[in-house]
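> Dropping a prediction and its sequence here:
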Number of protein chains: 2
Amino acid sequence: MSVRLETKYLAPFVREEEVDFLFPQVEAAHRLLETANGPGSDYVGWLKLPRDYDKSEFARIKNAAAKIAKGSDVLVVIGIGGSYLGARAVIEAVKSAQYNLKPNGRPQIFFAGSSVSGAALNDVLELCEGKDVSVNIISKSGTTTEPAVAFRVFRDWLVAKYGVEGAKERIFATTDGAKGTLKELAGREGYETFVVPDDIGGRYSVLTAVGLLPLAVAGVDIDALMAGAAQAMDALSVCDKTNDCYRWAALRNILYRKGKTVEVLACYEPDFALMNEWYKQLFGESEGKDQKGIFPASVVFTTDLHSMGQYLQDGRRQLFETVVDVKNPRSDRVIEPAAEDFDGLNYLAGKALSDVNRAAMQGTVLAHADGGVPVLVLEVDSLGEHDLGYLIYFMEKACALSGYLLGVNPFNQPGVESYKQNMFALLGKPGYEAQRQQLLGRLATE
Amino acid sequence: MSVRLETKYLAPFVREEEVDFLFPQVEAAHRLLETANGPGSDYVGWLKLPRDYDKSEFARIKNAAAKIAKGSDVLVVIGIGGSYLGARAVIEAVKSAQYNLKPNGRPQIFFAGSSVSGAALNDVLELCEGKDVSVNIISKSGTTTEPAVAFRVFRDWLVAKYGVEGAKERIFATTDGAKGTLKELAGREGYETFVVPDDIGGRYSVLTAVGLLPLAVAGVDIDALMAGAAQAMDALSVCDKTNDCYRWAALRNILYRKGKTVEVLACYEPDFALMNEWYKQLFGESEGKDQKGIFPASVVFTTDLHSMGQYLQDGRRQLFETVVDVKNPRSDRVIEPAAEDFDGLNYLAGKALSDVNRAAMQGTVLAHADGGVPVLVLEVDSLGEHDLGYLIYFMEKACALSGYLLGVNPFNQPGVESYKQNMFALLGKPGYEAQRQQLLGRLATE
């Protein structure tokens, strides 16, 4: 089993009976999901994805990745939200947060179009100078502002360097399977395309071509990733109290109803930092609606024990923690003895850093529990591909269940449109003239 | 003025009268701070620091930075908490989040000892291979576990590469001015030392040698940084309602008392991401105690509008936002027209990315205010050294005032000890035997 939920530190906060009391609601959530009868059920394609994916596209992804890796020093991945976070998070978790600094015989992977910052875009352009570059543009519609702007820039850059025909060989479009601006452009120009499935939302898309192509380019073993997710799919299919995915969802919901409205996801490996961000999108966008939802926050320990640690230990008791406990880190190191014990650390000599990290984790769990923080622990065997695939599926399913337990549609994101509408109006997009005048008035006088 | 507070979007949430009503408490907080009569007043050295710093040490910092820059491809900065975040945050904000990837004639700066992860430490070692390296060990005591362990490793590495004498020339210790393990070692070995002042806590230390040496090595103009802080010190010294630093502190406190217990700091420049982390340490460690305090969270927009944006727009209404609005980004780019308007973006042609980013910011502020989120805006001229120095001082002073308004000691961090005591016991540190048995029992049975 790649992920195991440890709940013993919850004892002062939640009685086992409370899980029993909630379980009929968990069963109802399970039925909504399994029978695709709940709100947003057009978007549950991720549920069977680890086995029912397009095998021929999967093979094409590997071939495209090999082609990119062979002919490129850099892959620029252009996307935002789910078209950005999943791939970056898995690369950093599996390979290293320093992936781009460590030469490993694979292309560097730079992400663009995930903001509107000119400084950030110009930095990536500077990093591409003198290098052979391919581009993976990821956008269901092709019209999302951030990636569309970045793609204009990189498309021109490729054409300037490789000519019109050469550029086409270096652009890979992950987009709608049938329609949309980017799909049409790709058809006209002859880019190789991959599919953003209709029944899988952005935050659930890391195991589709959206995530898989950049991951394969980075040398992530996508077979193992899918196999891990498939194992989770099988292991987590039955709705009972021994299903740790369901238990986690239930306990999160119980804690929320007790006023623990902030969840802090904590990991002791810095490589997990972007997985924290992936979790925040997954849960924040799924639960945060109708004026409800657990606020998802994150920390990297022990780093942030010297930052957010004080608040977590002793601040306002509105939070609970879920600790991702990685049993086997990517690498380790034994602490050597020092002459004269100049720093007083010789009591650690012969221990591995992983031993010290584990003691820090255990000591912190106990200290935070003593401080009034309910702590849940997700024990994960490693951050290797198989185990990470398992964890991804585990979190995706727990998130969907959490949304149904909360009484929301976990698969839409209506609030994301609000700022976009205002932005279009302020930018003078045709069709938004009336709204523009009104907003300019508010900005001037409010 | 380098930082201006815009409060017009608060109108639906806070009446101006409310600031009047609270102002006697702001004045009381001001007096506690200015007369050094409040709790923790042994740690207000940062208040006058921008003018009353050690000028001869400042000159030594520049000389040491020049020496390091001349003889090193890499500076490894070893520290945790305030001995890590400030320097990294300023380097990324001023130079670039991609600083280490962009060759600029200055050493790369890698941070170590800010976690116990063997994978993270081994990565930095790998990145140092074949390069000339200097080390800046930053620790008041020299015994904090994370940096002490990392320093053992890098000290051995330097000795192996440069010999005992050569290594001494490459180690720079920022530590207590008079006592402690690291101070003693530095004296014995002859390392050049810089001072962590007694009256400035870690989270307030970025404008001391703690931050300044790594910053100077990275080519940050530390004169301009200090000058900006000095300007803020002068501009923000008078306690009245036109003092934006005081107003921000007051409004945060008013919102907290209304149940807005989470603050989300938002910036539209990805280079600001580590400044977000610096803010979280500053405010979280200062306010988060006695079961009180605003929970500090952060986002980078527009990136996270496609992640946390849904929650912010429409989730549980327990939060407010402070937006850092950077008027002049480090670089910019004009959007070019495209033939046939293939992506429908030609309505943006001729606009700069900064125009689009500003429209996104304005549109989001209005949308979030409409969604029930109180939004404060800190307008900052740029992320250049002078303006950033101003912002740092502005936030430091607002944080101290916030702590006094909340009724806590903003300068201690008693909760940080709890996990350390448990960790020492679990690691078998001499003197912790009784506690160890008790904790092992809890881990086994709880």
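In hand now; what should we look at?
> going forward, measure contacts between C-alpha atoms and count neighbours the same way
Fine.
> So which residues on the stretch 151-300 of chain A come close to chain B?
Proximity of the stretch 151-300 of chain A to chain B, by CA under 8 Å from any CA of the partner chain, involves residues A:152-153, A:181-182, A:185, A:268-271, A:280-282, A:284-285, A:287-295, A:297.
> Give me the subset of those that lies in strands.
A:Phe295, A:Ala297 (DSSP state E).
> Restricted to buried residues, select the residues of the stretch 151-300 of chain A next to chain B in PyMOL.
Command for PyMOL that selects the buried part of those, burial taken from 16 or more other CA atoms under 10 Å in any protein chain shown:
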select buried, chain A and resi 152+153+181+182+268+269+270+271+280+281+282+284+285+287+288+289+290+291+292+293+294+295+297
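> Check A:Met1 and give its pLDDT.
At A:Met1, the model reports a pLDDT of 68.
> now do A:Pro103
Reported pLDDT for A:Pro103: 86.
> gap between it and B:Arg106?
Here A:Pro103 is placed at a distance of 20 Å from B:Arg106 (CA to CA, to the nearest Å).
> More neighbours: which of those two?
Neighbour count, other CA atoms under 10 Å in any protein chain shown: between A:Pro103 and B:Arg106, B:Arg106 has more, with 21 against 11.
> Could you verify my assumption that that one touches B:Ala69?
Yes - counting by CA atoms under 8 Å, B:Arg106 touches B:Ala69, with 6.0 Å between them.
> okay, and the common contacts of the two?
B:Val217 (CA atoms under 8 Å, 6 or more residues apart in numbering or on different chains).
> for the stretch 301-446 of chain A, which spans come out with low pLDDT?
For the stretch 301-446 of chain A, the stretches flagged by pLDDT under 70 are A:446.
> Show residues contacting stretch A:164-178.
So stretch A:164-178 is in contact with A:68, A:133-142, A:155, A:158-159, A:161, A:182-183, A:186, A:189-198, A:209-210, going by CA under 8 Å, 6+ apart.
> now stretch A:242-260
Applying CA under 8 Å, 6+ apart, the contact partners of stretch A:242-260 are A:4-5, A:14, A:18-19, A:22-23, A:26, A:236, A:239-241, A:261-262, A:294, A:317-320, A:376, A:394-395, A:397-399, A:401-402, A:405-406.
> quick one: which of these sit in strands?
Those of the contacts of stretch A:242-260 mapping onto strands are A:Arg4, A:Leu5, A:Val262, A:Leu319, A:Phe320, A:Leu376, per DSSP E.
> between those, which is closest to B:Val324?
Among the ones in strands among the contacts of stretch A:242-260, A:Val262 lies closest to B:Val324 (CA to CA), at 23.2 Å.
> three-state assignment of A:Val299?
Secondary structure assignment for A:Val299 (DSSP: H, G, I helix; E, B strand; the rest coil): strand.
> Hmm, it is touching A:Pro270, no?
No - using CA under 8 Å, A:Val299 is not in contact with A:Pro270, being 9.5 Å away.
> what does the stretch 1-150 of chain A put close to chain B?
A:8-9, A:11, A:80-82, A:96, A:98, A:100-102, A:114-120, A:122-123, A:126-127, A:142-143, A:145, A:148-149.
> Which among those count as buried?
A:8-9, A:80-82, A:96, A:100, A:102, A:114-120, A:122-123, A:127, A:142-143, A:145, A:148-149.
> Let me see the domain layout of chain A.
Chain A breaks down by automatic domain parsing into domains covering A:3-37+A:226-406, A:47-220.
> can you give me the offset of the longest one from its chain's centre?
Mean-position distance between domain A:3-37+A:226-406 and its chain equals 14 Å (CA atoms, centre = their mean, to the nearest Å).
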